[in-house]
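> Let's see this in three dimensions:
(chains A and B)
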Protein chains: 2
Amino acid sequence: MEEIKSLIRTIPDFPKKGIMFRDITTLLADGKGFRKTIEYLTERYSDREIDKIVGIESRGFILGGALADRLGIGFVPIRKKGKLPYKTLAAEYELEYGKDIIEIHADSILEGEKVLLIDDLIATGGTMLASIELIEKLKGKVEECAFVIELPELKGREKLEQKGVNVYSMISFEGE
Amino acid sequence: MEEIKSLIRTIPDFPKKGIMFRDITTLLADGKGFRKTIEYLTERYSDREIDKIVGIESRGFILGGALADRLGIGFVPIRKKGKLPYKTLAAEYELEYGKDIIEIHADSILEGEKVLLIDDLIATGGTMLASIELIEKLKGKVEECAFVIELPELKGREKLEQKGVNVYSMISFEGE
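All right, here's what the predicted structure looks like:
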């Protein structure tokens, strides 16, 4: 896991001063590192009963697409408002200033389907909480939320676990 | 290929009146259909010398992530302006009204690297032309542009081929 972590680039002061941005693109661009990342996730989930991978726009699409292909199951996108062409369900989440809205196709998850939610990184967990809300409104069951990177100081994990949802992250950046 | 085509949903009048939107999310959500799509692409490209898969935000990420994992090579995202955290190169392309800008990380393609560009659909080809410009500015070589869907009436293929670039699409919608 240290090898994967070493491929993540840290960019100070992006998108604004004081933020240490954890940039996964250097990991993705490394063929071996990317494949190893997907293999870890495949190993973790291949024996679980999962019906759909739901990826969060946009970096969750890269990981989620590869993982869905490995597991031979369907991929469902959660996107920013206005991007999905069919009937959607929407959920709001808080940004530092103001709010944002994400959507899922209303027919993309069937009642009772087991869902793995995936994104590249968990910070405060706001987007993922809204995503869980969408899956539950469609009467799907969130089996787990998976991330490559966790920023524990922002306490996103606690928020998700309070909802009774399992959280898995491969790599953690704490006090770095 | 007919099986894959049958999994694509057509939505009339999205995003505006008169447009028949070809919605790939129903294909992606079908585990067998999605895997078959990636297998076709893997078969096509596994014996070609390709160094990087470059996917166009956002649906190109889903296909490109899976294909990069299959081929064991790196994945590089092309994103809308302002999304990539490191030093970028930008290219402009025309929209019906106004312009838009896409970016790539300046260090993501090395000189001489062979690149497969991928997106879900080719219409007028504007975004892909701008993407080719970015790869060429970085001194990469575009081996091919791959799409699941082609809309031949919009003549995107011709524009790309005039640039000397190979174009591959799995499925075509013409006069439907």
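> what's the burial count for A:V115?
Counted with other CB atoms under 10 Å in any protein chain shown, the burial measure for A:V115 works out to 25 neighbours. No exception for glycine: its C-beta is placed from N, CA and C like everyone else's.
> quick one: contacts for it?
Under the criterion of CB atoms under 8 Å, 6 or more residues apart in numbering or on different chains, the contact partners of A:V115 comprise A:I50, A:D51, A:K52, A:I53, A:V54, A:V76, A:I109, A:I135, A:G140, A:K141, A:V142, A:E143.
> for A:L89, same thing?
The contact partners of A:L89, by CB under 8 Å, 6+ apart, come to A:E103, A:I104, A:A106, A:L134, A:K137, A:L138.
> Pairing partners for the one helix or strand it maps to, with directions?
With the criterion set as DSSP states H and E, the secondary-structure element containing A:L89 is strand A:88-94. Neighbouring strands of strand A:88-94 in its sheet, by DSSP bridges, are strand A:99-105 (antiparallel).
> Could I get the average pLDDT for the strand it pairs with?
Averaged across strand A:99-105, the pLDDT comes to 97.
> So for the helix or strand following that strand, mean pLDDT?
Proceeding N to C from strand A:99-105, the next assigned helix or strand is strand A:114-122, under DSSP H and E. When the per-residue pLDDT values of strand A:114-122 are averaged, the result is 98.
> Direction included, what does strand A:114-122 pair up with?
According to DSSP bridges, strand A:114-122 has the following sheet partners: strand A:52-56 (parallel), strand A:141-150 (parallel).
> among those strands, which is the most enclosed?
Between the strands paired with strand A:114-122, strand A:52-56 has the highest mean count of neighbours, a mean of 28, where neighbours are mean count of other CB atoms under 10 Å in any protein chain shown.
> residues of the helix or strand following that one that come out buried?
Once the chain leaves strand A:52-56, the next helix or strand it forms, by DSSP H and E, is helix A:59-71. Neighbour counts over helix A:59-71 (16 or more other CB atoms under 10 Å in any protein chain shown) mark A:59-71 as buried.
> Helix A:59-71 near chain B anywhere?
Yes. With CB under 8 Å from any CB of the partner chain as the criterion, chain B is reached by helix A:59-71 at A:R59, A:F61, A:I62, A:L63, A:G64, A:G65, A:A66, A:A68, A:D69, A:R70, A:L71.
> what residues are up against the closest residue to the fourth one other than its chain neighbours?
It refers to A:L63. The shortest distance from A:L63 to any residue other than its chain neighbours is 5.5 Å, reached at A:I118 (CB to CB, 6 or more residues apart in numbering or on different chains). If a contact means CB under 8 Å, 6+ apart, then A:I118 has A:L41, A:I53, A:V54, A:G55, A:I56, A:G60, A:L63, A:G64, A:L67, A:C145, A:A146, A:F147 as its contacts.
> Pairing partners for the spatially most central residue of chain A in the sheet, please.
With distances taken as CA atoms, centre = their mean, A:D119 lies nearest the centre of chain A, 1.8 Å away. For A:D119, the beta-bridge partners under DSSP bridges are A:F147.
> could you dump the contacts of A:I118 to TSV with pLDDT?
Listed next are those as TSV, based on pLDDT from 0 to 100:
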residue	pLDDT
A:L41	98
A:I53	98
A:V54	99
A:G55	98
A:I56	98
A:G60	98
A:L63	98
A:G64	98
A:L67	98
A:C145	98
A:A146	98
A:F147	98
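> By residue count, which helix of chain A is the longest?
Taking DSSP state H as the criterion, chain A has its longest helix at helix A:31-45.
> That one near chain B anywhere?
Yes. Judged by CB under 8 Å from any CB, helix A:31-45 comes into contact with chain B at A:G31, A:K32, A:F34, A:R35, A:I38.
> Render the CA-only coordinates of stretch A:58-75 in CSV, please.
Listed next in CSV are the C-alpha coordinates belonging to stretch A:58-75 (Å, rounded to 0.1, in the frame of the first residue of the first chain):
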residue,chain,number,x,y,z
SER,A,58,-15.7,12.6,-12.0
ARG,A,59,-12.8,10.7,-10.5
GLY,A,60,-15.1,8.0,-9.1
PHE,A,61,-15.9,7.1,-12.7
ILE,A,62,-12.3,6.1,-13.5
LEU,A,63,-12.0,3.7,-10.5
GLY,A,64,-15.7,2.6,-10.7
GLY,A,65,-15.6,1.8,-14.4
ALA,A,66,-12.5,-0.4,-14.0
LEU,A,67,-13.9,-2.1,-10.9
ALA,A,68,-17.3,-2.8,-12.5
ASP,A,69,-15.6,-4.4,-15.5
ARG,A,70,-13.4,-6.6,-13.2
LEU,A,71,-16.4,-7.7,-11.2
GLY,A,72,-18.6,-8.1,-14.3
ILE,A,73,-21.4,-6.0,-12.8
GLY,A,74,-23.1,-2.8,-13.9
PHE,A,75,-21.8,0.7,-13.4
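> How far away from the center of its chain is that stretch?
Offset of stretch A:58-75 from its chain centre (CA atoms, centre = their mean, to the nearest Å): 11 Å.
> any idea which of the contacts of A:V115 is closest to chain B?
A:V76 (5.4 Å; CB to the nearest CB).
> Pull the contacting residues for the closest one.
Under the criterion of CB under 8 Å, 6+ apart, the contact partners of A:V76 comprise A:K52, A:I53, A:V54, A:G55, A:I104, A:H105, A:S108, A:I109, A:V115, B:T25, B:L28, B:A29.
> circling back to that earlier point, just the contacts of A:L89 now: which is nearest chain B?
Using CB to the nearest CB, the contacts of A:L89 come closest to chain B at A:I104, 9.8 Å.
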